[in-house]
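**Q** Sharing a model prediction with you, sequence too.
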Amino acid sequence: MLGLIRLIHPAPAFAVTALSGALGAILLAQDGQEPIGPRLALTVLAVGGSQIMTGALNDWADRDRDRVVQPAKPIPSGAVTPRAALTLATAGGVLQFAASVPLGWPALLLGVTAAASAASYDLWLSRTPLSVVPYLVSFGILPLWIAAGVGVPLSRVAVAPLIVGPFAAAAHLANTLRDFDADARLGARNLAQTLGRRTAMTLAWALAVGIGLAIGIAFAARDTLEPPVIGLGVTGLAAVVQGAGSARRLWYGMLVAAPCWTVAWALATG
């Protein structure tokens, strides 16, 4: 059981799912609807299913690579078989689809597109200079998917992909920098390898800090910085700033900043 849990990459999976639930609840409350209800529950289940699929498929696709550079991971260590990993990935995809169908075509299509983008990363693009593209697509779609899922107008989050894009790129660089040496040994040519360790780290940190500061300045200019917004914004910024010089600290800092800034943005935009 522990091997299956590790297979889905629980920290980022939980962060993305929790972020989705928080944003969906806020969007519903601001639209004058009950913040907790069937549509939110189904949306969170769909996002959770996509995270299960993405994590398990990633470990399945990288099983031969992991035998060489990360033998303690679930599949190469023998804790989970490749067939079990593929079965879990399939179950995640089925869960996402089943939860999305009652939500209507917009939510279903947005979710399928986000999941297909993530699958393209797992199966192919993660080892190419285009490795950042699925992050931009999947995380750019996420706010629209949540809005469609809970049944609020997509215009409510229309600018969100522009905000999410730089943060998603930073998250991708921080994540791949954690495995920089292993990827180099195996000849992977993802974006971090193409840029080089120092440039990729500097760019990841600058993008993450920059988007946090830019959002804060924009909200200050609009006079929408209430105490809860300030508290969440500062917490997220501090989590990112402490990651300077360490890809691992930056990665986990961004897992904290993502839900903080998402909730702050939703509150500040009313």
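**A** Yep, that arrived. Numbers count the residues shown, from 1 in each chain.

**Q** Now for Pro228, how many residues are close by?
**A** 12 (other C-beta atoms under 10 Å). The C-beta positions use only the backbone N, C-alpha and C, and glycine is treated the same way.

**Q** got it, and Ala160?
**A** Residues near Ala160, counting by other C-beta under 10 Å, number 23.

**Q** my guess is it meets Pro143, correct?
**A** Yes - here Ala160 reaches Pro143: they are 3.7 Å apart, a contact under C-beta atoms under 8 Å.

**Q** What distance do you get for the nearest residue to Arg63 once chain neighbours are set aside to Ala184?
**A** Nearest non-adjacent residue to Arg63, counting by C-beta to C-beta, 6 or more residues apart in numbering: Ile75, 4.5 Å away. In this view, Ile75 and Ala184 are 22 Å apart by C-beta to C-beta, to the nearest Å.

**Q** Give me the more crowded residue out of the two.
**A** Taking other C-beta under 10 Å, Ile75 and Ala184 do not tie; Ile75 has more neighbours (24 against 14).

**Q** OK, contacts around that one?
**A** Taking C-beta atoms under 8 Å, 6 or more residues apart in numbering, we find Ile75 in contact with Leu7, Asp59, Trp60, Arg63, Asp66, Thr81, Pro82, Ala85.

**Q** What separation is there between the first one and Ala200?
**A** Using C-beta to C-beta, one gets 27 Å for the distance from Leu7 to Ala200.

**Q** can you check the fifth one too?
**A** Remark: distance between Asp66 and Ala200 (C-beta to C-beta) = 22 Å.

**Q** do the same with Ala170
**A** On the measure of C-beta to C-beta, Ala170 and Ala200 end up 10 Å apart.

**Q** element containing the residue nearest to Arg63, please.
**A** Element membership for Ile75, per DSSP states H and E: none, as it lies in no helix or strand.

**Q** Could you tell me the phi and psi values at it?
**A** Note on Ile75: backbone dihedrals following degrees, to the nearest 10 are phi -70, psi -50.

**Q** From Arg249, how far off is it?
**A** Using C-beta to C-beta, we find Ile75 at a distance of 27 Å from Arg249.

**Q** can you check Asp223 too?
**A** Relative to Arg249, and taking C-beta to C-beta, Asp223 is found at 34 Å.

**Q** okay, Asp66 and Ala200: which has more neighbours?
**A** Taking neighbours as other C-beta under 10 Å, Asp66 and Ala200 compare with Ala200 leading, 22 against 18.

**Q** Pretty sure that one sits against Asn190.
**A** No - Ala200 lies out of contact with Asn190 (C-beta under 8 Å); the separation is 9.4 Å.

**Q** Mutual contacts of those two, please.
**A** Common neighbours of Ala200 and Asn190, using C-beta under 8 Å, 6+ apart, are Thr176.

**Q** so where is the protein shaky, pLDDT-wise?
**A** Applying pLDDT under 70 to the chain flags residues 270.

**Q** domains for it, by residue range?
**A** 1-155, 159-270 (automatic domain parsing).

**Q** Return the residues in contact with Pro106.
**A** Applying C-beta under 8 Å, 6+ apart, the residues near Pro106 are Ala148, Leu154.

**Q** now it: how far from Asn175?
**A** 29 Å.

**Q** Also Gln242?
**A** As judged by C-beta to C-beta, Gln242 and Asn175 stand 17 Å apart.

**Q** Count the residues that sit near Thr87.
**A** Applying other C-beta under 10 Å, we find 15 residues neighbouring Thr87.
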